[in-house]
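Asks: Provide a 3D model corresponding to the input given below.
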Amino acid sequence: MEVYNWIVSNKELLKIFYGLIIVAICSIIVLKADRLFRISLHQGIRYFRNAFFFYGLAFFTRYFLGSYFLSPFINEIYSIFLKIFLEFFLIIAGFFLLYSLIWKKIEGTKNPAFSSLANPTILIFYLFSVIIIVIDYLWDTYFFMFISQILIFFLASVISLINLYQNQKHDFAKFYFIAMAFSLIAWLLNSFSALFLDWNYLIIIIVSSINIIIFLLFLYGVLKITK
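Replies: Residues are numbered from 1 along each chain as shown. Got it, this is the predicted structure:
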């Protein structure tokens, strides 16, 4: 209980520290994955890289641009734009992670897309992201974002499990599946907390802890491959 009270009393500083950790991890993953892509030219790696680029932007937006310490400068319009960009970055990052698992079935291996940020499939993801954001904004909720991410990570978990059985000797397949499963759990807890418990702070702490584990798993896997 004392630990919980200390966390609550220092939550704003801890949020900044938490955001800094995640943004730093995302930055390392993006740089390492980009280097690996340039060496291997594996298309899935660049979609994986893009996912963490957008996750980094999402956490930077949430914990720095939306920081308590900037609250004197935050007005209603600023808050709306923060919400829109945060939701967009989170949704599109989830799409990129899923696409990093299925790109081969859509693009094939002979003629990969010229751009990983602006090809026909990714443009569809952008469109879906915008539609979800507009609906959530009109309904003043995050419900459709939560539903989209739960579906994305459920599919990603199933696909990762299949890949694990097919590549049992590949360590990264293990990290990927565990991270996808943890991500699904985190989104389920987050949505339950937001929709039914008015952002219960204890659950938020649990979700934040799971998020750190997820990003560290990906970081460890990337570092192990690139070492």
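Asks: so how many other residues sit close to the closest residue in space to G66 that isn't next to it in sequence?
Replies: Setting aside the residues directly before and after it, G66 is nearest to L82 in space (CB to CB, 6 or more residues apart in numbering), at 4.9 Å. (C-beta placed from N, C-alpha, C; glycine too.) L82 is surrounded by 16 other residues when neighbours are defined as other CB atoms under 10 Å.
Asks: Counting by contacts, list what the helix or strand that contains L82 packs against.
Replies: The secondary structure element spanning L82 is helix 76-107 (assigned by DSSP states H and E). In this structure, helix 76-107 makes packing contacts with helix 43-60, helix 120-139, helix 143-166, judged by 3 or more CB pairs under 8 Å, 6 or more residues apart in numbering; DSSP states H and E.
Asks: and the shortest one, average pLDDT?
Replies: Across helix 43-60, the average pLDDT comes to 94.
Asks: can you check the last one too?
Replies: Per-residue confidence for helix 143-166 averages out to 93 on the pLDDT scale.
Asks: quick check: angle from the following helix or strand past it to helix 76-107?
Replies: Proceeding N to C from helix 143-166, the next assigned helix or strand is helix 171-196, under DSSP H and E. What separates the directions of helix 171-196 and helix 76-107 is an angle of 140 degrees, with axes from the mean of the first three to the mean of the last three CA atoms, to 10 degrees.
Asks: show me what contacts the residue nearest to G66?
Replies: Taking CB atoms under 8 Å, 6 or more residues apart in numbering as the definition of contact, the neighbours of L82 are 61-62, 65-66, 74.
Asks: buried set for stretch 125-145?
Replies: Within stretch 125-145, the residues scored as buried using 16 or more other CB atoms under 10 Å are 125-126, 129, 132-133, 136, 142, 144-145.
Asks: what number of residues lie near the closest residue to G94 other than its chain neighbours?
Replies: Counting by CB to CB, 6+ apart, I152 is the residue found nearest to G94 once chain neighbours are left out, at 4.4 Å. For I152, the number of neighbouring residues by other CB under 10 Å comes to 22.
Asks: Check A58 too.
Replies: Around A58 sit 23 other residues, with neighbours defined as other CB under 10 Å.
Asks: Quick one: neighbours of Y176, just the number.
Replies: Going by other CB under 10 Å, the residues that sit close to Y176 add up to 26.
Asks: Distance check, it against Y220.
Replies: Counting by CB to CB, to the nearest Å, the separation of Y176 from Y220 is 12 Å.
Asks: Let me see the contact set for the nearest residue to Y126 once chain neighbours are set aside.
Replies: Taking CB to CB, 6+ apart, and ignoring the residues beside it in sequence, Y126 has I92 as its nearest neighbour in space, at 6.7 Å. I92 makes contacts with 54, 125-126, 129, as judged by CB under 8 Å, 6+ apart.
Asks: now do S129
Replies: Remark: with contacts taken as CB under 8 Å, 6+ apart, S129 is in contact with 88, 91-92, 95.
Asks: Those into a markdown table, with extra columns for distance to L184?
Replies: Rendered in a markdown table, the data for the contacts of S129 read as follows (distance: CB to CB, whole Å):
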| residue | distance to L184 |
| --- | --- |
| F88 | 21 |
| I91 | 15 |
| I92 | 18 |
| F95 | 15 |
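Asks: Let's see if you can find the most crowded of those.
Replies: I91 (26 neighbours).
Asks: and the closest residue to it other than its chain neighbours, how far is that from A51?
Replies: Here the nearest residue to I91 in space, its sequence neighbours aside, is S129; by CB to CB, 6+ apart that works out to 4.4 Å. Between S129 and A51 the distance is 13 Å, computed by CB to CB.
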